[in-house]
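Colleague: Just need the structure, nothing else, for what follows:
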Amino acid sequence: MSKETREKLEKVFDFLGEIIAFVTAVVWALVIIDQNFHFLPEVVVNIFNVVKSWLLLVLVGVVGFEATIKRNFVIRLIFYIIMAILIIFHCFPGTYDYLIGLIK
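Modeller: Here you go, the predicted structure:
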């Protein structure tokens, strides 16, 4: 990947990270305020609770991609492996128990 392409990608990830960080902060603030004042319908609160966990994962991914785009391949590979582990265990919560069951 050329240096110009990396610089362009870094700008894209920077912009996406800023937007996602803002949306994440708004969703978290609404959920926390609703815990005290109960002004949102329960359906919206349930949706926001799911969205806030996914937004954090997406935010970590985007900011991590932005940070590792200018690093060497080994650092990027380590980050990609960590993100893959996070996504697998987030999407499939029973995976850890299954893997431990295979070891025993």
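
Colleague: rest of the way, CA atoms for contacts and neighbours
Modeller: Noted.

Colleague: Please go through the chain and pick out the longest helix.
Modeller: helix 3-37 (DSSP state H).

Colleague: So what's the gap between that one and the chain middle?
Modeller: 10 Å (CA atoms, centre = their mean, to the nearest Å).

Colleague: now for the very next helix or strand once past it, which elements pack on it?
Modeller: Counting by DSSP states H and E, the next helix or strand C-terminal to helix 3-37 is helix 42-68. On a contact count with 3 or more CA pairs under 8 Å, 6 or more residues apart in numbering; DSSP states H and E, helix 42-68 meets helix 3-37, helix 73-91.

Colleague: Mind putting those into TSV with mean pLDDT?
Modeller: TSV is the format used below for the helices and strands packed on helix 42-68 (pLDDT from 0 to 100):
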stretch	mean pLDDT
helix 3-37	92
helix 73-91	92
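
Colleague: Residue 59 is nearest to which of those?
Modeller: With CA to CA as the measure, helix 3-37 is the member of those nearest residue 59 (6.1 Å).

Colleague: Enumerate the positions of that closest one that are buried.
Modeller: Applying a neighbour-count criterion of 16 or more other CA atoms under 10 Å, one finds 9, 10, 13, 14, 16, 17, 20, 21, 24, 27, 28, 31 buried in helix 3-37.

Colleague: Repeat that for stretch 76-86.
Modeller: 76, 79, 80, 83.

Colleague: Looking at those residues, which one is closest to residue 35?
Modeller: residue 83 (30.6 Å).

Colleague: Give me the nearest residue to the closest one, chain neighbours excluded.
Modeller: Spatially, and ignoring its direct neighbours in sequence, residue 83 is nearest to residue 61 (6.9 Å; CA to CA, 6 or more residues apart in numbering).

Colleague: neighbours around that neighbour, how many?
Modeller: 21 (other CA atoms under 10 Å).

Colleague: Any chance of CSV for the buried residues of stretch 76-86, columns distance to residue 50?
Modeller: Below are the buried residues of stretch 76-86 laid out as CSV (distance: CA to CA, whole Å):
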residue, distance to residue 50
76, 28
79, 24
80, 23
83, 19
